[in-house]
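Trainee: Turn this into a structure:
(2 chains)
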Amino acid sequence: MAHRDSVTLLPRRAVLALVPAAALCFWFPEPALAADAVETSTDAFLLLSKLLTGFPDVNPELAIRVREALVNLGSATSQGIGRLIPIGLHASDDSTLMMSANDAGLGEAAHAVVAAWYTGTVGSGAHAEVVAYADALMYRTVADGLAPPTYALGGPAWWVATPPPAGVSPPKAEQVQPGTRPARRGKPS
Amino acid sequence: MNVQRFNNGDADADLVVVGSGVVGALIAEQLAGAQRSVLILEAGPRLDRAQVVENWRNLNFQQRVSSDFQSLYPQSPLATAPLDFPPNGYVLLTGKNGTSFDQGYIRAVGGTTWHWAASCWRHLPVDFQMRTKYGVGRDWPISYSDLEPYYCRAEQAMGVSGPNDPAMQSPAERSQPYPNDMIPWAHGDTRVAEIVNPHGYRSVPIPQGRAVRPWKNRPACCGNNNCQPICPIGAMYNAVHTVQAAEAKGVTVLAESVVYAIDTDMNNRVTAVRWYDRNRQSHRATGRAFVIACNALETPRLLLMAANAQNPNGIANRSDQVGRNLMDHSGFHCTFLASEPLWLGRGPAQSSCLVGARDGAFRSEYSANKIILNNISRVGPATQQALKLGLTGAALRDEIRRRAIHGVDLSISLEPLPAPQNRLTLSRTRHDALGLPCPDINYELDDYVHRGYDAAAQQLRHIGSLFNAVEFEVTTSLNANNHMMGSTIMGSDPKDSVVDGDCRSHDHPNLWLPGGGPMPSASVVNSTLSMAALGLKCADSVRRTLEHA
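Mentor: Sure, this is the predicted structure:
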């Protein structure tokens, strides 16, 4: 399953070649970015997204929508994303990236990026913005056996086929996180 | 064929039907087939399926994962329906269990079958005799065998697929086979049945209004797993299919037409209903027969607001039972991660159900239950849970997959008993955009349901152990299931009931109030097929009455 491969990073030298030295050293407030710098930070946001999500082939067009929606959430998130981007350029994988992000007080911003990619929604409540439906990464985790709802994996009765191998270990009792279950409203049957 | 007549915006027809959901649409189609002129007045708008699908895909993740089945449906500004994201306060819920009666229904051409799951259960024969057999609740004035031919006709009308093996039927008392054999099970349904059936839980196929082959004008089900809140391809039965068939037979459907008054003559026959059009202009529809089929909340609301000099407590309400005896299957959920992958979410939203506790001597003491294996994709909840663990990268990816393929959601239904104090009344302070009173509901469940919850919870803990369940949880608050019943209750005594066994009003010889409202017992199964069967029985009564007029 292709999507289960680990993230393949570009050689560090290649990444550095893509990014002007200035971007590595400074954080630019959004309005102050020059046109070419915006483009560059878009590439850098794409790299950040690949690392954080575990998907090496995240959609570059969707990356633009995700980033814009995150920036629209307000200056705090916008600044957080701006500071995360150069950290991403120094990280080799999501673990080291998250360690650096947490050290810089940017853990929340990093998780906001992850949630946006996986759920396809940025923000919550009245401020929520939907940036993706079928392209939300959560659906790719099971794409070999389940289509996003409203789509289908085949014609009539396709579902009687044997599902694919699990490919992951079974749940363990110690995973219990009391209180993580969301309140739900009536779910009609 | 007789045709409706229109004059300056007013109308006349042999039969005037208020409401275009499954019940109103079936009756209209039947009477049009009997060469009667039929007018349907529907408060809500016509809907475009593709637009509704698009609206659903554009709801935010939180709404989708919280089962917001209402926001995607456009509403007429003059015919409000409940909304919860955010709450629009249309229905005021009071009483100890008021919040468990938070119903989601649609006011539009086709009604709430736009977002049902198409489960087409019959009541058990014993469900018609709760008082006689178990000493609780009420008996129906008709028996299962009286309704059985209409169950068959309803199954035909809705193109139901169900198990033709009697060992898997609930109930097995049938005079005809299902129009289509059972929807074939996915791996999850099969495995759950293998694991629980040796312990008496009796997992059986859910009879459902879809088929894996084309049926009349509907395509074959392709398992898009989005029955609720919108089947994207129209394979699932929706009353719109019957509305279209009725229109082809000459029925006129006026959408965005809100009925607010009912006129009666000296003999208390209904002579006309009055409605507001989308421009708030009032019109009058005269007829020989009248059917009000707006669901078990909107029908009593209309009957109460239409009180007139001759019927000061409301139309059809000499018994003072209109709006009372409200019921819904009290619901709760059980979730866990099974030790083996079950891959729920492949195929239609619900295909198997545990009915082992659907009936038994215990029903004299506490509620029966049914346990649906929800087959709605667990990817959304799995993602919500995995994100809360703070994971990133491959670990997050794997955690979502693990939770999605091992995740189980059981939806449990309990049976309330009819109680007069569970009641809809008209608000004195809240009004809709037309100035019509909004509904107030008082709802309180007695120990019959609470003891039933305890018994079901114990069964669920055992079921969980059969799957070596991790993160096993049972919700403690009860939720609504949108199966509103009881509010125009059926009975043989006009002093304590609203309609007779044909759903005809005791007070008005040419007024019928079919649907969930007349049902004197709820059973634990989804009410729609029983509503449709009652609607077809009502249609025969209307036809006979018009023939003899």
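Trainee: Give me the pLDDT value at residue A:32.
Mentor: Residue A:32 is assigned 40 on the pLDDT scale.
Trainee: so residue B:125 makes contact with residue B:142?
Mentor: No: between residue B:125 and residue B:142 there is no contact, the gap being 11.5 Å when judged by CB atoms under 8 Å. To be clear about C-beta, it is placed using only N, CA and C from the backbone, and glycine gets the same treatment.
Trainee: okay, these two: which has more neighbours?
Mentor: residue B:142 (19 against 16; other CB atoms under 10 Å in any protein chain shown).
Trainee: which non-adjacent residue is nearest that one?
Mentor: Counting by CB to CB, 6 or more residues apart in numbering or on different chains, residue B:501 is the residue found nearest to residue B:142 once chain neighbours are left out, at 4.0 Å.
Trainee: residues touching that neighbour, list them.
Mentor: By CB atoms under 8 Å, 6 or more residues apart in numbering or on different chains, the residues touching residue B:501 are B:140-142, B:146, B:490, B:492, B:537.
Trainee: Do a quick rundown of the strands in chain A.
Mentor: Counting by DSSP state E, one finds strands in chain A at the ranges A:121-122, A:129-130.
Trainee: Can you check which of those strands gets nearest to chain B?
Mentor: Chain B sits nearest to strand A:121-122 of all those, at 3.8 Å, using CB to the nearest CB.
Trainee: Adjacent strands (with direction) for that closest one?
Mentor: The pairing partners recorded for strand A:121-122 under DSSP bridges are strand A:129-130 (antiparallel).
Trainee: Now do the strand it pairs with, average pLDDT.
Mentor: 98.
Trainee: got it, and stretch A:55-67?
Mentor: Stretch A:55-67 carries an average pLDDT of 96.
Trainee: Buried residues of it, list them for me.
Mentor: Of all the residues in stretch A:55-67, those buried under the rule 16 or more other CB atoms under 10 Å in any protein chain shown are A:55, A:58-59, A:62-63, A:65-67.
Trainee: check whether that stretch contacts chain B.
Mentor: Yes: Stretch A:55-67 reaches chain B (CB under 8 Å from any CB of the partner chain) through residue A:55.
Trainee: ok, residues contacting that stretch?
Mentor: A:3, A:5, A:7-8, A:42, A:45-46, A:49-50, A:81, A:113, A:116-117, A:122, A:131-132, A:135, A:137, A:140, B:397.
Trainee: ok, the nearest residue to residue B:83 once chain neighbours are set aside - contacts?
Mentor: The spatial neighbour of residue B:83 that comes closest, neighbours along the chain excluded (CB to CB, 6+ apart), is residue B:70 at 5.3 Å. Residues near residue B:70 by CB under 8 Å, 6+ apart: B:81-85, B:104, B:106, B:229.
Trainee: Which parts of the stretch 1-150 of chain B are strands?
Mentor: B:5-7, B:10-18, B:38-41, B:92-94 (DSSP state E, counting those that start in this stretch).
Trainee: would you list these in TSV and tack on mean pLDDT, distance to chain A and mean neighbour count?
Mentor: Output for these, formatted as TSV (pLDDT from 0 to 100; distance: least, CB to the nearest CB, whole Å; neighbours: other CB atoms under 10 Å in any protein chain shown):
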stretch	mean pLDDT	distance to chain A	mean neighbour count
strand B:5-7	88	38	12
strand B:10-18	98	24	25
strand B:38-41	98	25	28
strand B:92-94	98	11	16
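Trainee: For stretch B:471-480, measure first residue to last.
Mentor: 24 Å (CA to CA, to the nearest Å).
Trainee: Also stretch B:190-202?
Mentor: 12 Å.
Trainee: what about it and chain A, touching?
Mentor: No: counting by CB under 8 Å from any CB, chain A has no neighbours in stretch B:190-202; the shortest distance is 9.0 Å.
Trainee: Check what contacts that stretch and list those residues.
Mentor: B:170, B:185, B:203, B:340, B:342, B:352, B:354-357, B:371, B:373, B:408, B:459, B:462-463, B:466-467.
Trainee: can you pull the buried residues of that stretch?
Mentor: For stretch B:190-202, by 16+ other CB under 10 Å, it's B:190-193, B:195-196, B:201-202.
Trainee: Retrieve the pLDDT associated with residue 107.
Mentor: All of this refers to chain A. 96.
Trainee: meant chain B, my bad for not saying
Mentor: Residue B:107 carries a pLDDT value of 98.
Trainee: What separation do you get for the residue lying closest to it once chain neighbours are set aside and chain A?
Mentor: Leaving aside its sequence neighbours, residue B:107 sits nearest to residue B:44 (CB to CB, 6+ apart; 3.7 Å). Distance, residue B:44 to chain A, using CB to the nearest CB, to the nearest Å: 18 Å.
Trainee: In this model residue B:270 seems to touch residue B:263, though I could be wrong.
Mentor: Yes: applying CB under 8 Å, one finds residue B:263 in contact with residue B:270, separated by 7.0 Å.
Trainee: State the distance from residue A:139 to chain B.
Mentor: In terms of CB to the nearest CB, residue A:139 sits 6 Å off from chain B.
Trainee: circling back: any idea what the residue nearest to residue B:142 is structurally, helix, strand or coil?
Mentor: coil (DSSP: H, G, I helix; E, B strand; the rest coil).
Trainee: That one and residue B:456, how far apart?
Mentor: 32 Å (CB to CB, to the nearest Å).
Trainee: thinking again about what came up before, take the buried residues of stretch A:55-67 and keep only those in helices.
Mentor: A:62-63, A:65-67 (DSSP state H).
Trainee: out of everything not next to it in sequence, what's closest to residue B:418?
Mentor: residue B:325 (3.8 Å).
Trainee: who's in contact with the one you found?
Mentor: B:418-420, B:422-423, B:486-487, B:489, B:520.
Trainee: what's the closest of these to residue B:333?
Mentor: Nearest to residue B:333 out of the contacts of residue B:325 is residue B:422 (CB to CB; 22.6 Å).
Trainee: How many residues are close by the closest residue to the closest one other than its chain neighbours?
Mentor: Setting aside the residues directly before and after it, residue B:422 is nearest to residue B:326 in space (CB to CB, 6+ apart), at 4.5 Å. Neighbour count for residue B:326, taken as other CB under 10 Å: 28.
Trainee: how far away is residue B:326 from residue B:370?
Mentor: Counting by CB to CB, the gap from residue B:326 to residue B:370 is 20 Å.
Trainee: Run through the helices of the stretch 201-350 of chain B in chain order.
Mentor: Secondary structure of the stretch 201-350 of chain B by DSSP state H, counting those that start in this stretch: the helices cover B:239-248, B:298-305.
Trainee: okay, residue B:448: pLDDT?
Mentor: At residue B:448, pLDDT is 98.
Trainee: ok, so what distance separates it from residue B:417?
Mentor: 6 Å.
Trainee: Looking at the two, which has the bigger crowd around it?
Mentor: Neighbour tally, residue B:448 and residue B:417, criterion other CB under 10 Å: the higher count belongs to residue B:417, 22 against 19.
Trainee: Contacts only, for the closest residue to residue B:118 other than its chain neighbours.
Mentor: Among residues not flanking residue B:118 along the chain, residue B:209 sits closest, at 3.7 Å (CB to CB, 6+ apart). Taking CB under 8 Å, 6+ apart, we find residue B:209 in contact with B:118-120, B:158-161, B:236-237.
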